[in-house]
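Chemist: sharing a model prediction with you, sequence too.
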Amino acid sequence: MTPFGRRIRELRAERGVTQKEMAAALGVSAAWLSALEKGQRGRPNWNFIQRVIAYFNIIWDDADELARLAHVSHPRVAVDTSQLSAEATELANLLADHIGELDEEDLRALIHEVKRLTEKAKRAKR
């Protein structure tokens with residue numbers, strides 16, 4: 001499951017909407033929507049994200065957050081480290097090889113740490 005798929009499922013549950021109802025309203029098949037929720041489809045395009053935002057009448061920060069989740073929801077990630085350091089290549093390979101061995105708590109901790117470090121790097125560039 002992807003972060004976007006999880007949020008779509010949560011929104012449907014909060015509002016008591018079935019996949020079939022939502023799919024019909026958005027002009028996609030229930031099977032396609034199910035695959036998107038399960039992470040078996042690629043990152044949704046901007047047009048689809050906008051239709052979901054309108055369907056659930058999501059505004060402001062919640063709409064921005066849904067778009068952000070869509071951006072980080074590609075289930076098959078490729079990382080090109082050819083122009084990066086050996087450490088970056090090692091990190092990418094370690095994650096690729098071992099991410100399935102980490103529990104949810106460890107994954108959340110890694111996500112938090114990567115976000116913290118990237119924000120630190122952005123501030124240093126200013």
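Modeler: Noted; the coordinates are in hand. Worth saying up front: this structure is predicted, and the values here are computed from it rather than measured.
Chemist: so what's the backbone phi/psi at residue 30?
Modeler: Main-chain torsions, residue 30, degrees, to the nearest 10: phi -60, psi -30.
Chemist: ditto for residue 40
Modeler: Dihedral angles (degrees, to the nearest 10) for residue 40: phi -100, psi 10.
Chemist: check the one 5 residues further on too.
Modeler: Residue 45 has phi and psi values of phi -80, psi 170 when expressed as degrees, to the nearest 10.
Chemist: how many neighbours does it have?
Modeler: By the criterion of other Cβ atoms under 10 Å, residue 45 has 10 neighbours. To be clear about C-beta, it is placed using only N, CA and C from the backbone, and glycine gets the same treatment.
Chemist: got the contact list for it?
Modeler: Residues counted as contacts of residue 45 (Cβ atoms under 8 Å, 6 or more residues apart in numbering): none.
Chemist: go on, residue 114?
Modeler: Residues in contact with residue 114 (Cβ under 8 Å, 6+ apart): none are found.
Chemist: which strand or helix spans it?
Modeler: Assigned by DSSP states H and E, residue 114 belongs to helix 104-125.
Chemist: just the C-alpha atoms of that helix, please, in CSV.
Modeler: Output of helix 104-125 as CSV, limited to C-alpha atoms (Å, rounded to 0.1, in the frame of the first residue of the first chain):
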residue,chain,number,x,y,z
GLU,A,104,6.7,0.1,11.0
GLU,A,105,8.3,1.9,13.9
ASP,A,106,11.7,1.7,12.4
LEU,A,107,10.3,2.9,9.0
ARG,A,108,8.7,5.9,10.7
ALA,A,109,11.9,6.7,12.5
LEU,A,110,13.9,6.6,9.2
ILE,A,111,11.3,8.8,7.5
HIS,A,112,11.5,11.3,10.3
GLU,A,113,15.3,11.3,10.2
VAL,A,114,15.5,11.7,6.4
LYS,A,115,13.0,14.6,6.6
ARG,A,116,14.9,16.2,9.4
LEU,A,117,18.3,15.9,7.6
THR,A,118,16.9,17.3,4.3
GLU,A,119,15.3,20.3,6.0
LYS,A,120,18.7,20.9,7.7
ALA,A,121,20.5,20.7,4.3
LYS,A,122,17.9,23.2,2.8
ARG,A,123,18.5,25.6,5.7
ALA,A,124,22.3,25.4,5.2
LYS,A,125,21.9,26.3,1.5
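Chemist: okay then, goodbye and thanks.
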